[in-house]
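Engineer: Here is the input, now give the coordinates:
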Amino acid sequence: MSQAAPIGSVVVLSTGVADYVGQVVEMAESPTRGGDGTRHALGGGTLLGRLDQTGVNTRSLAQPFESATIGAISSDDLEAWHAGQIGSMSALDLGSLQDPAGAPARLVAAGFNRHTFLCGQSGSGKTYTLGLILEQLLLNTTLRIVVLDPNSDYVGLNQLQADAPADPGPVHVLRREGPHRLQIRFGRLPVRQQAMVLALDPLRDLEEYDELRRLTAEVGTTEYSVLDLRRALEDHPGQRSEAQRRLLLRIDNLGIAHWSIWAEAGEAPLLEQLGSDWRAAILDLGQLDSSQERSTIAAAVMTGLWQERRHREPVLVVVDEAHNVCPREPDDAYSALAVEHTTDIAAEGRKYGLYLLLATQRPHKLPVNVLSQCENLVLMRTNSTSDVNYLADVFAHIPRGLIARAPEFELGEGLVAGRISPTAQLFRSGRRRTPEGGADVPTTWARPPASPVDRR
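Structural biologist: Residues are numbered from 1 along each chain as shown. The predicted structure is shown next:
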């Protein structure tokens, strides 16, 4: 080649005896120029297979060689290699490759049976690309999807364009108000989690915690609300114990009885509103009034999915802005509540069909025991050197030289690697088929002010 092959490119290596397909994963900084005008470079990579008349043969890598001439691979050969790796499972159209430019970039749908981490700074195209991936999963698989959407970015996933190739089935958007409401049954939370909502510590608040346990046991059902508990505490005021009085004051002082997220008598909790044929549930958390309510909804969803895990119904749980939903260092009991089952699902959910897709621009702020369980990486522009090095350490199975390219990516460009990719791919995001929600505030304020004449 007249130029050194860039890191991440898939190339043909010609030894004079055979041709091989490989991927460049590291390269010397300053290639040298030979007397014939060609460029010579020291580097390293991964051999993917031997190129013969049938395509890329992954079983023919036995003949060693010392040197080779590097050339470009044809789009047809690369596409055949990808098709062979994906096999009979669905391929998801991600967009195009950066090198060779224009060749299709595809994901392996079956690879989402491993946890996935998507990282990119603000303005990298992270939200757009995640929406594209979710569209492709809806159109090309039968996997159910639950999205915790704190910024209303994915509420348009139920608005497929008319030329979409398939009808994925019911995609429900749950909001504070409307036909599908963001509401949960307080009584269905385990008592320990109810105590966390009430900011009760089992040791520091011994009597109030014990009173909560006694009261919930007396109710004899899980179909009660915070208001039901409050009413029970209000009955017979002359006989109320000091622990009951303090528990009643706690409910009132925290104001949790009036949160919008509680399902009252006759109202269905959110997962029961979906019916039996749902494909996706988008939880529009951005409409809720407080971070405490958002954390409690997230925790209740994780709890519900975890409690139903033995049904082994495959579900992809997508957590956008994951550093807020499951932070490494929870700020309060509400955040700790959300972290609890996220950690359980990360550690053991896969064997029950519960898969995570965590998206954030702040990887350092996720619990290490959650992030380390992710095998798949979708990495978009990330300027922070510490974040890039951290991700290279966590995803040690991905060539470090590829992750190191993150600061170079333009809008919509990125790296995808792991079980969801036939080989590590540098991509450009393709076309969306649903409207992107949560757009930035338009910068009309940056226009010059109207002249006095224009104002008249």
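Engineer: Is Val146 bridged to anything, and to what?
Structural biologist: Ala281, Val317 (DSSP bridges).
Engineer: contacting residues around it?
Structural biologist: Ala280, Ala281, Leu283, Val301, Leu305, Val315, Leu316, Val317, Val318 (Cβ atoms under 8 Å, 6 or more residues apart in numbering). Yep, even glycine has a C-beta here, placed from its N, CA and C like the rest.
Engineer: if you set the cut-off to 10 Å instead, what comes out?
Structural biologist: 174, 270-271, 274, 278, 280-283, 301-302, 304-305, 315-319, 354 (Cβ atoms under 10 Å, 6 or more residues apart in numbering).
Engineer: where do the strands sit along the stretch 1-150 of the chain?
Structural biologist: Assigned by DSSP state E, counting those that start in this stretch, the stretch 1-150 of the chain shows strands spanning 10-14, 19-27, 32-33, 39-40, 43-52, 55-57, 69-72, 91-97, 104-108, 116-119, 144-149.
Engineer: Turn those strands into a markdown table, including distance to Glu234.
Structural biologist: Below are these laid out as a markdown table (distance: least, Cβ to Cβ, whole Å):
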| stretch | distance to Glu234 |
| --- | --- |
| strand 10-14 | 70 |
| strand 19-27 | 67 |
| strand 32-33 | 84 |
| strand 39-40 | 82 |
| strand 43-52 | 68 |
| strand 55-57 | 73 |
| strand 69-72 | 77 |
| strand 91-97 | 55 |
| strand 104-108 | 56 |
| strand 116-119 | 48 |
| strand 144-149 | 35 |
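Engineer: right, so the ones you listed: which one is the most enclosed?
Structural biologist: strand 116-119 (a mean of 26; mean count of other Cβ atoms under 10 Å).
Engineer: Direction included, what does that strand pair up with?
Structural biologist: Under the rule (DSSP bridges), strand 116-119 has strand 354-360 (parallel), strand 376-380 (parallel) as partners.
Engineer: between the longest one and strand 144-149, how many degrees?
Structural biologist: Orientation check (axes from the mean of the first three to the mean of the last three Cα atoms, to 10 degrees): strand 354-360 against strand 144-149 gives 30 degrees.
Engineer: what about the stretch 351-456 of the chain, any weak spots by pLDDT?
Structural biologist: 438-443, 445, 451-456 (pLDDT under 70).
Engineer: try 80
Structural biologist: Applying pLDDT under 80 to the stretch 351-456 of the chain flags residues 437-447, 450-456.
Engineer: show me what contacts Ile420?
Structural biologist: Per Cβ under 10 Å, 6+ apart, neighbours of Ile420: 92, 94, 106-114, 116, 133, 357, 375-378.
Engineer: Out of the strands paired with strand 116-119, which gets nearest to Leu143?
Structural biologist: For those, proximity to Leu143 was assessed by Cβ to Cβ; strand 354-360 is nearest, at 8.2 Å.
Engineer: and that closest one, how far from the chain's centre?
Structural biologist: 4 Å (Cα atoms, centre = their mean, to the nearest Å).
Engineer: Skip ahead from it and say which helix or strand is next.
Structural biologist: helix 368-371 (DSSP states H and E).
Engineer: possible to save the strands of the stretch 1-150 of the chain as a markdown table with mean pLDDT and distance to Ile251?
Structural biologist: Output for the strands of the stretch 1-150 of the chain, formatted as a markdown table (pLDDT from 0 to 100; distance: least, Cβ to Cβ, whole Å):
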| stretch | mean pLDDT | distance to Ile251 |
| --- | --- | --- |
| strand 10-14 | 84 | 61 |
| strand 19-27 | 80 | 58 |
| strand 32-33 | 56 | 74 |
| strand 39-40 | 54 | 73 |
| strand 43-52 | 76 | 59 |
| strand 55-57 | 65 | 65 |
| strand 69-72 | 82 | 68 |
| strand 91-97 | 94 | 47 |
| strand 104-108 | 93 | 47 |
| strand 116-119 | 98 | 38 |
| strand 144-149 | 96 | 26 |
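Engineer: Of all those strands, which one comes closest to Gly187?
Structural biologist: strand 144-149 (21.7 Å).
Engineer: ok, the residue lying closest to Arg176 once chain neighbours are set aside to Asp149 distance?
Structural biologist: Nearest residue to Arg176, sequence neighbours excluded (Cβ to Cβ, 6 or more residues apart in numbering): Gln287, at 4.2 Å. To Asp149, Gln287 is 10 Å away according to Cβ to Cβ, to the nearest Å.
Engineer: what residues are shared contacts of the two?
Structural biologist: Val155, Leu174.
Engineer: ok, back up a step: can you lay out the strands paired with strand 116-119 as CSV showing mean neighbour count and distance to Glu218?
Structural biologist: Output for those, formatted as CSV (neighbours: other Cβ atoms under 10 Å; distance: least, Cβ to Cβ, whole Å):
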stretch, mean neighbour count, distance to Glu218
strand 354-360, 25, 34
strand 376-380, 26, 47
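Engineer: Let me have the ones you listed in CSV, extended by distance to Asp19.
Structural biologist: Below are the strands paired with strand 116-119 laid out as CSV (distance: least, Cβ to Cβ, whole Å):
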stretch, distance to Asp19
strand 354-360, 38
strand 376-380, 30
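Engineer: Those strands: which one's closest to Asn158?
Structural biologist: That would be strand 354-360 among the strands paired with strand 116-119, by Cβ to Cβ, at 18.5 Å.
Engineer: got the domain boundaries for this structure?
Structural biologist: Following automatic domain parsing, the chain resolves into domains at 10-73, 104-184+268-429, 186-258.
Engineer: now the helices: where do they sit in this protein?
Structural biologist: Applying DSSP state H to the chain gives helices spanning 75-86, 126-140, 191-197, 206-219, 226-234, 242-254, 291-307, 322-325, 333-348, 368-371, 385-394, 400-403, 452-455.
Engineer: about what we covered before: now list the buried members of the contacts of Val146.
Structural biologist: The neighbour count (16 or more other Cβ atoms under 10 Å) marks 174, 270-271, 274, 278, 280-283, 301-302, 304-305, 315-319, 354 as buried among the contacts of Val146.
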